[in-house]
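Q: take this sequence and fold it.
(one chain, ligands or ions: 1)
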Amino acid sequence: MHLSKVKIGLEIHAQLNTNSKLFCGCKTKSATPNTATCEVCLGMPGSKPVLNKKALDFAVMLSLALNCKVAKASRFDRKTYFYPDLPKNYQITQYHSPIAEDGHVFVQSKKIKIRRIQLEEDPGSITYPQHIDISNYALVDYNRSGYPLCEIVTDPDFSSSKEVKQFLKLIVSIVKHLKVYTSDRSFRVDTNVSIGRNPRVEIKNVGSIKDVVSAIEYEVFRQKQEIENGQRIKQETRRFNGSATVSMRGKETEEEYGYIIDPDLPVIVISDAQLKKIVKAMPELPSQRMQRMMQQYKINKHQAIAIVSEKELADFYEKVAKDTDAQLAASWISTQLLKVLNYNNLFFSETDLDVQHFVPFLNLIRKSKISDRAADLLLRELVLKPQHPGTLADKLKLLTLTDAKLLELTVSVLKKHKKQTEQYKRGDSKIIAFLIGQVIKESKGRADAKKVKQEIVKYLA
Ligand SMILES: [Zn+2]
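A: Modelled structure (predicted):
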């Protein structure tokens, strides 16, 4: 049995945010099927591809952001396979000499190695009228054929789905900061999972971080069960159907694709001057933003890391920090807000929480109108249904009592519990705990114990 170590490697395909395709002038944003096509992206004989310069710049930026060595010269290859979404019967990609190699990023102080980054074109897309297993026909749309992609290949350095989730969040945050990204949808991941020395299984084409995490969790569970039952793990390609991974086919080896250098495309040469220009034009990266935020808002590293984990969250924080106490905001966002999001399996970008909700929320805390515990309850509601926090807190009876209300409540409790009040007056100081408890109970948890004690002592003095 090789139940030892789980090893996970990733291949991430990120669509690049260009206006036109990788090798032709066809637009990348067209809704009507098969309208954004030409002889190049339909693979007509004799057509000549020309590399999109912006896509190349994006690929170089991404390579630098992931600490890769950018190749001074790289080439395109043809990966041959037959499938209806691939009109040329080969995909233009980089196999022999990719644009960048040998990078790394840190995920919670663990080094994850980036093996290579390659520039390639997307195939077309296939839609089925019903579920793939029962459809009688398929529709092919070549609008996507030729979209620019960057494929990021990692070493099998991950040992859990949790690490993969952190890493993918970081990659998404980086590509969004670089603005090389179109949207969350333009992101697909192939995942390799193996246990000990058993063969690896590839899960193809998973389209969201949450699904990648679920697919890995299922696959690790499945492989462990197979091994425990004395079964051999087959080297194969599987797909994730939303709840389980299912077998697609035996895994091909890279050699089976018969890669050849594409004779239509020249060597990509990147000069030092060009590289310098790209470095200069690069937007602020999450790691740089983290450093800046620590200085600018006087927040600690742990908080800054948590906040930049999602670009939208970091944008949100900076807007909130402008309008209220920046440190209080960092403290609540990096702990309680992320806890609520995690608990609900949500990313910040999936909520409608806005500055207009969060600033007044923090102000309730700042002005002691709400206890920390009550604020925590309020935040849980706000994340799921953003609305005015003051109104909601009032409705849920979460606001701290005013001094007058507290006094009124204290007096009524003392009158109700005459025996214990007399006991206290005679010198039994321990009985005050009972009286405090009664006031808190009457206030439905909104009275602060310390304040109640002060009121009782003052009133009976
Ligand atoms: Zn075209």
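Q: did I read that right, Ile224 in a helix?
A: Actually, residue 224 is Lys. It isn't Ile. Yes - residue assignment for Lys224, taken from DSSP: H, G, I helix; E, B strand; the rest coil, places it within a helix.
Q: so it versus Asn241, what's the distance?
A: According to C-beta to C-beta, to the nearest Å, Lys224 stands 20 Å off from Asn241. Every residue, glycine included, has its C-beta placed from N, CA and C.
Q: check what contacts the one helix or strand Asn192 maps to and list those residues.
A: Assigning secondary structure by DSSP states H and E places Asn192 in strand 187-195. Contacts to strand 187-195, defined as C-beta atoms under 8 Å, 6 or more residues apart in numbering, come from residues 2-15, 156, 164, 168, 172, 181, 200-208, 212, 215-216, 219-220, 223-224, 227, 233.
Q: which parts of this protein sit against the ion?
A: Residues of the chain lying close to the ion (C-beta under 5 Å from the ion) are Cys24, Cys26, Cys38, Val40, Cys41.
Q: of those residues, buried ones?
A: By neighbour count, with 16 or more other C-beta atoms under 10 Å, those hold Cys24, Cys26, Val40, Cys41 as buried.
Q: and the residues you listed as CSV, adding distance to Gly196, pLDDT and secondary structure?
A: Shown next, in CSV, are those (distance: C-beta to C-beta, whole Å; pLDDT from 0 to 100; DSSP: H, G, I helix; E, B strand; the rest coil):
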residue, distance to Gly196, pLDDT, secondary structure
Cys24, 46, 96, coil
Cys26, 47, 95, coil
Val40, 46, 96, coil
Cys41, 44, 94, coil
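Q: tell me which two in those are the farthest apart.
A: Taking C-beta to C-beta as the measure, those span a maximum distance of 7.8 Å, between Cys26 and Val40.
Q: need the overlap of contacts for these two.
A: Gly146.
Q: ok, the residue most central in space within the chain to the ion distance?
A: Residue closest to the average C-alpha location in the chain (C-alpha atoms, centre = their mean): Lys169, at 3.3 Å. For Lys169, the distance to the ion (C-beta to the ion, to the nearest Å) stands at 34 Å.
Q: try Phe240
A: Phe240 is 31 Å from the ion, by C-beta to the ion.
Q: wait, that residue sits on Ser214?
A: Yes - using C-beta atoms under 8 Å, Phe240 is in contact with Ser214, at 7.2 Å.
Q: pick out whichever of the two has more residues nearby.
A: Between Phe240 and Ser214, Phe240 has the larger neighbour count (other C-beta atoms under 10 Å), namely 21 against 18.
Q: give me phi/psi at the spatially closest residue to the more buried one that is not a sequence neighbour?
A: Ranked by C-beta to C-beta, 6 or more residues apart in numbering and with sequence neighbours excluded, the top spatial neighbour of Phe240 is Ala215, at 3.9 Å. Backbone torsions of Ala215, given as degrees, to the nearest 10, read phi -60, psi -40.
Q: give me every residue that touches Ala215.
A: Neighbours of Ala215 in contact, by C-beta under 8 Å, 6+ apart: Thr191, Ile203, Val206, Phe240, Thr245.
Q: tell me what the fourth one is bridged to.
A: I take that to be Phe240. Taking DSSP bridges as the rule, Phe240 bridges to Thr245.
Q: quick check, pLDDT for it.
A: Confidence at Phe240, expressed as pLDDT, is 94.
Q: OK, contacts around it?
A: With C-beta under 8 Å, 6+ apart, Phe240 has these contacts: Ile203, Val206, Asp211, Ser214, Ala215, Tyr218.
Q: so who does the third one touch?
A: Read that as Asp211. Asp211 neighbours (C-beta under 8 Å, 6+ apart): Phe240, Gly242.
Q: Arg249 belongs to a helix?
A: No - Arg249 is assigned strand when assessed by three-state DSSP, not a helix.
Q: for the nearest residue in space to Phe82 that is not next to it in sequence, grab the count of nearby residues.
A: For Phe82, ignoring the flanking residues on the chain, the nearest one in space by C-beta to C-beta, 6+ apart is Asn89 at 5.5 Å. Asn89: 11 surrounding residues under other C-beta under 10 Å.
Q: just confirm Asn89 contacts Thr80, I think it does.
A: Yes - assessed by C-beta under 8 Å, Asn89 is found in contact with Thr80 at 6.5 Å.
Q: so what's the gap between the next helix or strand after the strand holding Asn192 and the chain middle?
A: As assigned by DSSP H and E, the chain's next helix or strand after strand 187-195 is strand 201-206. What separates the centre of strand 201-206 from the centre of its chain is 19 Å, taken as C-alpha atoms, centre = their mean, to the nearest Å.
Q: can you name every helix or strand that strand 201-206 contacts?
A: strand 187-195, helix 209-228, strand 236-240, strand 245-250 (3 or more C-beta pairs under 8 Å, 6 or more residues apart in numbering; DSSP states H and E).
Q: buried stuff in the longest one?
A: So that's helix 209-228. Buried residues in helix 209-228 (16+ other C-beta under 10 Å): 209, 211-216, 218-220, 222-223, 227.
Q: next: the shortest one.
A: Applying a neighbour-count criterion of 16+ other C-beta under 10 Å, one finds Thr237, Arg238, Arg239, Phe240 buried in strand 236-240.
Q: okay, those in TSV with distance to Asn52 next?
A: What follows is the buried residues of strand 236-240, written out as TSV (distance: C-beta to C-beta, whole Å):
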residue	distance to Asn52
Thr237	30
Arg238	33
Arg239	30
Phe240	31
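Q: sorry, back to before: closest to Asp57 among the buried residues of helix 209-228?
A: Ile209 (26.1 Å).
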